[in-house]
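Peer 1: just need the structure, nothing else, for what follows:
(chains A and B)
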Amino acid sequence: MAQSSDLQPAFVDPECGFDIHNLPFCIYNEGHLSSDAASRARIVGCRIGHWVINLHSFADHKEGLFAEPAKHWDERTKQILPEIRDALKQPTLNAFASLGPEARKAVREVLQRELSSYKGKDDVDHILSPLGPFMSEVENVTLYCPFKIGDYTDFYAGIHHAEGVGKLFRPKGKALQDNYTHIPVGYHGRSSTVVVSDTPIRRPAGPILVPSNSEGTKQDIIVSPTRKLDYEVELGCFVGKGNAMGTPIPISEASSHIFGYVLLNDWSARDIQAFEYVPLGPFNGKNFATSVSPWVVTPEALEHAVGAGVQHPDHPEKLQPYLREPTPGVLNATITTSLTRAEKNWPTTGKLSRVDTSTGLLWSFPQMIAHHTVGGCSLRPGDLLGSGTISGPPDKPIQDGLQTKGSLLEITKNGVIPIPWRRSRGSGEEKEQTGDNTFLRDGDVVTMSAIADHRGTKISFGEVIGRVIASSQS
Amino acid sequence: MSGYTNHFSLDNLPYGVASRDGCLRSVVTRVNDQVYFLNRLPINVSEEIKEAVDQPTLNALAALEKSQLLQLREEIRSSVTIAASATAVNFKDVTMHMPVDVPGFTDFSCSKEHTLNAGEAVMGIRKLPPGMLHFPVGYTGRSSSIVVSGTPILRPYGQFRGAKGEVVFGPSQQLDYEMELGCIIGKPSKFGERVSVNDADEHIFGLVLVNDWSARDIQGLEMVPLGPVNGKSFGTTISPWVITLEALEPFRTEAPKKDPAPAAYLNDLLKKNSYRLDLTSELVEAGKSREDDKATTRLCKAKLEWMYWTFRDLVAQQTINGCNINTGDILATGTVSGLGDDEHGCLLEVTKGGKVDFKISSGASRTYLQDGDEVTMTAVAADGIGFGECSGKILPATPFD
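Peer 2: Predicted coordinates:
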C-alpha cells in the first residue's frame, strides 16, 4: 500500500488526524441529537476527514464496497464477503469484529482505493459517485458506544501510576506490590456502565470515611456524594476474534485478536474506593461510569505506533514464556487532557496534562490478552480491555508546562495540592481558584484527546468528553 | 442418580431453557419428572408472553412485569394439572442449557463466617474487612466464564508461589469450589439511578445455585490490590432451574440483625428479608460414579438465613452509586458458610488454606480438588421446592506448549 499523500482525497485536511491512513470505525446515525435520533437505526460508519461514510448502505450499493473483490484477495477473504456485508449492516461492530483482521483489512483496502480516486476534487458535494451520497458531516451525526460489551477488564499496566499511588498510600512501605512485574494485574470492570463520549457523568454517592476529629485519628462512616471524584487517562482496546473457553490465546497470536483502540476515562470515586477495596478490589468506586471515545482506531492505522514501553530490569528475562512478545507491542500515543471548569458564567478551559503512553506502560495489550486467557477464560468480540492509568516517569512530573500524570489523585497528591493547570480565558490571565480545587466539581468537563504517529502523518483518536453532573442525593 | 423429583412439585414451577432431539432450545418448566416446553403448553397468555417463552434464553421472560409473570404462573399450574401429558417430556430426555445471557455478574461477601474463616486460612487472623459490617463488599465477576451445571471445568494454568515462595507457572495446585446462591435480575434499573432496598424484590426474577470455582494459589498472587481475576475467571457454574421468589414466598424469614445499624439506603423495612434454604455440597471422588459405594462425601451443609446481607441488600448496593442492573445480571452471595466444621462452603476453610487434609468416604485424603473429582450442590426450601443440582467435574489442565 503506497504511503504517499498523493493518495489523499483533496477534501481531507491532513492535519486533522483522520486522513486515509486512519479510517476508524464507529456506530452512528444521522440526526444531531434530535429527539427522533433515538428511533433511527444505528449503523456502521467509517470516518474520513470531517465526514462519516455509511458503510451499511455502501456495502450494499452495486458500485459499493464489494462490487469487485480485489484479484489479490485470498480465498478466505473472498469466501467471507457475504458475512462481511451482513456484519456491516448490524447496529454494533461486534459481528464485524468477530470476523477477524482479514475482514477489517479488506474493507479498509477497498475504502482507501475508493477514496484515493478523489484526488483533485475539492468539494465533497461535487463528488458524483459513488461515495458522495453515503457521507455525512461529523457535526450532523450522533455517535454511540461502538460495541455491545460482554465483559470489561481494566488492567494496571501504568507502572509509574501504580508506583505513585503506592507511595501515596504506603509512604513507608513498598510502593509496588511484588506481583506487579510478574503479572499484568487487573480487575473486572462493569460493562453496563461503559458509555460513549459526551454522556453526562452523575456524581456517585456511597459509604465513605470522613475524619471526625481534627487530628484525623477518628473516622465516621457517612453515605454521601463522593468528595473525591477523579478521572483516569487510559487506552482502551476492543477484542475482535474471541477464543473458546479453555483455550488460551498464545502471545504470538494475541495481536490478531485486537479489533481496535479507543481512549478510555476510568472515572473514579477515591473515597468510596478506599473504603471498599480491601480485599476484593475496587467496585462502586469505579463501576458508576467509564467513558470511551467513539472512533475505533485500527491496528493497521497504528502499525508504526507500537514498540517498546517502559523498560524494567526483570523484563523480558524473568517473564514467563507465555508473556514474552515476539516484538514489543506497547501502543504509543500522546494523550492530552483538558479540564473545563465553569466559573460564574464563564467556562475556563485549561490543558492539564500530556503523556506519551510508551513512557508510562510496562505491559502491552497483547500481553494483557495472553494473561487474561492463560487460565482458559474466554474473550468475546466486543470485550473491552483498559490499560490502566498512564502516567509519565516521576523524574519528569512536568513537561512543557503540563503535568505528565494521568489522574488528579496523583497530581494533587490525594487532595493536598491544588490542581495547577494553564487556563486560557481569552485574555490569557491566570486566576487563583478558590474553594475546592483538588478533585472534580459538578459542571466540570474532562476532555481527553490523542494523536499517534504514522510515519509523519497524524493519526487521531478523536476525543472522550464527560461533564460531571450533580448527584441526585444531597 | 437422584432425579430430584421431590424438588419439583406443583408449588415450585421454576423456569429453565432446554432442548430435545430435533427441537431448538426454548423456555421450560418442570413438575416432578416431567419437563414442559411452554411454547407447546396450552396456556391463555398475551402475545408478549408467547413470544418470550419461545426464546432460547429466559431474558425476555424475566424482563416482563411481575403481574404478567404471576398470570403465567397460574396458567402453567392449571394447564399441567389438566393432564397435559402430551406436551410433557421426561427430564432424562432433555438437555438443559444456560438459562440466561448474563450481561453483568457480581459476587459479594454476605457471610461473616466465611470471611473470618478465609481470613484465618490466608492471613492467620480472624478479622472482617473494613467495609464488611457497613455494606455488602463485592467484586465484579467474569460473565463469559459462567456455564450451566454439567459443563466440565478445566484446571487452569497460572502464576503462583511455589513451595519456596518463588513465582512459578503451572496448573493450579489449589483448586477449590465455593457454594453460593445467586439472584437473577428481571426488571432493569436506569443508569444514574439507584434502587431502594425496599423495592429490590421487584427487580429479582429468581434464584439459582452458583459454584464460584477458585484457584487459591493463582488468586493469592494476583489479588493485591485489585482483587481476584484469573483465580476465578476460568469457570463459574450455575444451576439450570431459576426458582421464583413466588415459589419461595412461604419460606421467608428474618436475616440476622444488623449491628451496627446500617446506613439509610440499606435500612430494609421488610422484616422477613431472607429465605429458609438449606444448601448442601458433596464431592464425588475421581474415577467413581455416584452410585458406587463410598463414592460421595458430604462437604458442607449450610443455610441461606445465616447470611448477614440479603439479596435485597445486594441490589441496593449494586445501584447505590448509579450503576445500573440489567435483565439477566447475576448477584451472588459469596460462599455460604456457618460456624461448624461441617458448615464450611469451600475447601479453603475446611483445610485452613490447604494445610490440613481431610478424609473422604473411601478413606482417601484430600485438601483441594483433584482431577476427576466432581462437586455437586443442591438447595431445598422444603419437600417439593428445591433447586435441583449444580455440578461440575474437574478435568486435567491442557498442557502448555
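Peer 1: my read is that A:His50 contacts A:Gly17, right?
Peer 2: No: applying C-beta atoms under 8 Å, one finds A:His50 not in contact with A:Gly17, separated by 11.0 Å. In this view, the C-beta of every residue, glycine as well, is placed from N, C-alpha and C.
Peer 1: so, low pLDDT: which residues of the stretch 201-350 of chain A?
Peer 2: A:344-347 (pLDDT under 70).
Peer 1: hmm, back to that, neighbour count winner among A:His50 and A:Gly17?
Peer 2: Legend: neighbour count by other C-beta atoms under 10 Å in any protein chain shown for A:His50 and A:Gly17, higher for A:Gly17 (24 against 16).
Peer 1: may I have the phi/psi pair for the closest residue to the more buried one other than its chain neighbours?
Peer 2: Spatially, and ignoring its direct neighbours in sequence, A:Gly17 is nearest to A:Ser460 (2.5 Å; C-beta to C-beta, 6 or more residues apart in numbering or on different chains). Here is the backbone geometry of A:Ser460 (degrees, to the nearest 10): phi -90, psi 140.
Peer 1: tell me what A:Ser460 is bridged to.
Peer 2: A:Ile451 (DSSP bridges).
Peer 1: which residues does it contact?
Peer 2: Shown in contact with A:Ser460 (C-beta atoms under 8 Å, 6 or more residues apart in numbering or on different chains): A:16-18, A:22, A:295, A:449-451.
Peer 1: which parts of the host helix or strand of B:Cys390 are buried?
Peer 2: Using DSSP states H and E, B:Cys390 falls within strand B:385-395. Buried residues in strand B:385-395, counted by 16 or more other C-beta atoms under 10 Å in any protein chain shown: B:385-394.
Peer 1: got it, and stretch B:346-362?
Peer 2: B:346-354, B:360-361.
Peer 1: do you know the pLDDT at the nearest residue to A:Leu93 once chain neighbours are set aside?
Peer 2: Once flanking residues are discounted, A:Leu93 sits nearest to A:Pro146: 4.9 Å by C-beta to C-beta, 6+ apart. With respect to pLDDT, A:Pro146 scores 98.
Peer 1: next one: A:Ser34
Peer 2: Reported pLDDT for A:Ser34: 55.
Peer 1: farthest-separated two in the buried residues of stretch B:346-362?
Peer 2: B:Gly353 and B:Ser361 (23.5 Å; C-beta to C-beta).
Peer 1: ok, how many other residues are close to the residue of chain B found nearest chain A?
Peer 2: Residue nearest to chain A within chain B: B:Gly227 (2.4 Å; C-beta to the nearest C-beta). Using other C-beta under 10 Å, B:Gly227 has 25 other residues around it.
Peer 1: in space, what's closest to it - neighbours in sequence excluded?
Peer 2: A:Gly281 (2.4 Å).
Peer 1: which helix or strand contains whichever residue of the stretch 201-350 of chain A sits closest to chain B?
Peer 2: Closest residue of the stretch 201-350 of chain A to chain B, C-beta to the nearest C-beta: A:Gly281 (2.4 Å). Counting by DSSP H and E, there is no helix or strand that carries A:Gly281.
Peer 1: measure it to B:Met123 for me?
Peer 2: The spacing between A:Gly281 and B:Met123, counted by C-beta to C-beta, to the nearest Å, is 17 Å.
Peer 1: circling back: columns distance to chain A and pLDDT on top of the buried residues of strand B:385-395, output as JSON lines?
Peer 2: Putting these into JSON lines (distance: C-beta to the nearest C-beta, whole Å; pLDDT from 0 to 100) gives the following:
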{"residue": "B:Ile385", "distance to chain A": "32", "pLDDT": "98"}
{"residue": "B:Gly386", "distance to chain A": "28", "pLDDT": "98"}
{"residue": "B:Phe387", "distance to chain A": "24", "pLDDT": "98"}
{"residue": "B:Gly388", "distance to chain A": "23", "pLDDT": "98"}
{"residue": "B:Glu389", "distance to chain A": "21", "pLDDT": "98"}
{"residue": "B:Cys390", "distance to chain A": "18", "pLDDT": "98"}
{"residue": "B:Ser391", "distance to chain A": "17", "pLDDT": "98"}
{"residue": "B:Gly392", "distance to chain A": "13", "pLDDT": "98"}
{"residue": "B:Lys393", "distance to chain A": "13", "pLDDT": "98"}
{"residue": "B:Ile394", "distance to chain A": "12", "pLDDT": "98"}
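Peer 1: residue boundaries of the helices in chain B?
Peer 2: For chain B, the helices defined by DSSP state H occupy B:47-52, B:59-62, B:66-81, B:112-123, B:216-222, B:245-248, B:311-319, B:347-350.
Peer 1: most packed of these?
Peer 2: helix B:311-319 (a mean of 27; mean count of other C-beta atoms under 10 Å in any protein chain shown).
Peer 1: does it come close to chain A?
Peer 2: Yes: under the criterion of C-beta under 8 Å from any C-beta of the partner chain, chain A is reached by helix B:311-319 at B:Gln317.
Peer 1: so what touches that helix?
Peer 2: A:284, B:106, B:108, B:110, B:135-136, B:138, B:183, B:185, B:189, B:193-198, B:200-201, B:203-204, B:207, B:262, B:265-266, B:268, B:270, B:273, B:309, B:325, B:331, B:333.
Peer 1: please redo it, this time with the cut-off set to 6 Å
Peer 2: Outside helix B:311-319, the residues within contact range by C-beta atoms under 6 Å, 6 or more residues apart in numbering or on different chains are B:108, B:135-136, B:183, B:189, B:194-195, B:197, B:200, B:203, B:265-266, B:268, B:273, B:325, B:331.
Peer 1: that's all I had, so thanks and see you.
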